[in-house]
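Engineer: Just need the structure, nothing else, for what follows:
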Amino acid sequence: MVNNITADQLADKIDADEQFTLIDVRPEDSFEAWHVRDAENVPYDPREGLSEAQLNEVNALADGRPVVAICGKGLTSTPFVFELDEHGYDDLSVVSGGMEEWSKRYEVVPIETASDDLVVRQVQRRAKGCLGYIVGSKQAEEAVVVDATRQTDQFKVAAQNAGLSITRVLDTHVHADHISGGRALADEVGVPYHLGEAARQRGVEYDYQPLLDGEVVTVGDVEIEALHTPGHTSEMMNYLVDGELLLTGDTLFVDSVGRTELQFGEDDASRGAELLYDSLHETILDLPDATTVLPGHLTVTSDGRYENGSPGKPLEARLGDLRRDLDYLGLDRDAFVERLSEDAPEKPPNYETVIAINTGKETVDDEGEATELELGPNNCAA
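Structural biologist: All right, here's what the predicted structure looks like:
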């Protein structure tokens, strides 16, 4: 029997530690670049069919367990499981929409705060490790959204479920790994959209309301202070919420710091690294150790694992702990600049096109094309 399951149902199976075999039938290079946790690769071409060697491989991998198949869009995995059905398999499932739908899986996680009035939700995009935020006032029943991704409904529903209406939308910076949903969300709900003032220097071509360094945005009695923290990008802003929580975008992560050459280029990565060092040591590390750091990304490996934390759990760190444990923060200026300039990881796929879209220089209207541009985990950390 062949069943169709959603990406959400696949996530539920994984999180519940159900016993099944997940087989990814995409080509080996696509699989190696990015796949779901614990998936096994059996490349399959419907035109050639399932070979005896492949069938033996599936038999060994499945070992009597149910089989779930996944591909890029659900088109190749379907004939694959029907062939298995013909060979006597009786518990088969296909992930509808494949890796495209997996890339849109979200969890909404409450963040504990010291204030009874302050409401914070961390919106986790599971496959890419993108983190957005709902920051609001329970008393005012209003919220701002920070770093919305392209699936804007996720943020509308998260705010609504928290009893809040969205009054502003903020981005920390011009993103390089995913298409921002900030402008679209602001337009959809009819509220202002904000970037840091320096975004205009990057050639941003659409209208936005600029935020100055030190400017304060309020939601009820909740205060959100904009802090200019260039380095990962020249216009990067961090947002300090009620002096308690710091939304760091791609400046500081729980396991690393932001890379600098995506905007500044290989030849001028050291300039970005110098800016980032100053932002860390003259702005962020001046804050109290008790400050909770809420980053813009978490690290998702190519095999779909969270390097720090678990899906559906808060991804955060105490600033004092990062000050003590994160080796980047213990380097002197020269060593920090050298490491960031000479040891850059692989760039996010399609990052130049994604930046062009996020600055308004290019547009993408086709859902399939947008999904293709975003496929794969983020690579914005050094």
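
Engineer: what number of residues lie near the residue nearest to residue 198 when sequence neighbours are not counted?
Structural biologist: The shortest distance from residue 198 to any non-neighbouring residue, by C-beta to C-beta, 6 or more residues apart in numbering, is to residue 235 (3.9 Å). For the C-beta atoms, the positions are set from N, CA and C on the backbone; glycine is no exception. Residues near residue 235, counting by other C-beta atoms under 10 Å, number 24.

Engineer: Can I take it that residue 235 is in a strand?
Structural biologist: No: assigned with DSSP: H, G, I helix; E, B strand; the rest coil, residue 235 falls outside any strand and is coil.

Engineer: Give me the phi and psi angles of it.
Structural biologist: Backbone torsions of residue 235, given as degrees, to the nearest 10, read phi -100, psi 10.

Engineer: Pull up the per-residue confidence for it.
Structural biologist: Note on residue 235: pLDDT of 96.

Engineer: Quickly note the distance from it to residue 15.
Structural biologist: 37 Å (C-beta to C-beta, to the nearest Å).

Engineer: got the residue ranges for the helices in the stretch 251-382 of the chain?
Structural biologist: Under the criterion DSSP state H, counting those that start in this stretch, helices of the stretch 251-382 of the chain are mapped to 261-264, 269-282, 319-325, 333-342, 351-358, 367-374.

Engineer: winner for burial among the ones you listed?
Structural biologist: Using mean count of other C-beta atoms under 10 Å, the stretch among the helices of the stretch 251-382 of the chain with the greatest mean number of neighbours is helix 261-264 (a mean of 22).

Engineer: contacting residues around that helix?
Structural biologist: For helix 261-264, contacts defined as C-beta atoms under 8 Å, 6 or more residues apart in numbering pick out 174, 176, 202, 232-234, 268-269, 271-272, 341, 344, 347-348, 351, 355, 380.

Engineer: could you redo the last one with a cut-off of 7 Å?
Structural biologist: With contact meaning C-beta atoms under 7 Å, 6 or more residues apart in numbering, helix 261-264 is reached by 176, 233-234, 269, 271-272, 344, 347, 351.

Engineer: For it, C-alpha coordinates in CSV please.
Structural biologist: What follows is helix 261-264, C-alpha atoms only, in CSV (Å, rounded to 0.1, in the frame of the first residue of the first chain):
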residue,chain,number,x,y,z
GLU,A,261,32.9,38.2,2.6
LEU,A,262,29.4,37.7,1.2
GLN,A,263,29.0,41.5,0.9
PHE,A,264,32.6,42.7,1.1
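
Engineer: gap between it and the chain center?
Structural biologist: Computed by C-alpha atoms, centre = their mean, to the nearest Å, the separation of helix 261-264 from the middle of its chain amounts to 19 Å.

Engineer: average pLDDT for it?
Structural biologist: Averaging pLDDT along helix 261-264 gives 83.

Engineer: Same question for stretch 91-106.
Structural biologist: Averaging pLDDT along stretch 91-106 gives 94.

Engineer: What's opposite residue 194 in the beta bridge?
Structural biologist: With DSSP bridges applied, residue 194 shows beta-bridge pairing to residue 170, residue 209.

Engineer: dump the residue contacts of it.
Structural biologist: 168, 170, 208-209, 211.

Engineer: likewise residue 197?
Structural biologist: Taking C-beta under 7 Å, 6+ apart as the test, what residue 197 contacts is 210-212.

Engineer: Alpha carbons of stretch 340-352, as PDB, please.
Structural biologist: Taking C-alpha atoms only, stretch 340-352 is exported to PDB below (Å, rounded to 0.1, in the frame of the first residue of the first chain):
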ATOM      1  CA  LEU A 340      37.500  35.300   9.200                       C
ATOM      2  CA  SER A 341      39.500  36.500   6.100                       C
ATOM      3  CA  GLU A 342      41.300  33.200   5.400                       C
ATOM      4  CA  ASP A 343      39.000  30.400   6.500                       C
ATOM      5  CA  ALA A 344      35.600  31.200   4.900                       C
ATOM      6  CA  PRO A 345      33.200  28.200   4.500                       C
ATOM      7  CA  GLU A 346      31.300  27.300   1.300                       C
ATOM      8  CA  LYS A 347      29.000  30.100   0.200                       C
ATOM      9  CA  PRO A 348      25.200  29.800   0.400                       C
ATOM     10  CA  PRO A 349      23.800  28.600  -3.000                       C
ATOM     11  CA  ASN A 350      22.600  31.300  -5.300                       C
ATOM     12  CA  TYR A 351      23.600  34.000  -2.800                       C
ATOM     13  CA  GLU A 352      24.200  36.700  -5.400                       C
END
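
Engineer: hang on, the earlier thing: give me the buried entries from the contacts of residue 197.
Structural biologist: Buried by 16 or more other C-beta atoms under 10 Å: 210-211, out of these.

Engineer: thinking again about what came up before, pretty sure the residue nearest to residue 198 contacts residue 204?
Structural biologist: No: at 8.2 Å, residue 235 and residue 204 do not qualify as touching, with contact defined as C-beta atoms under 7 Å.
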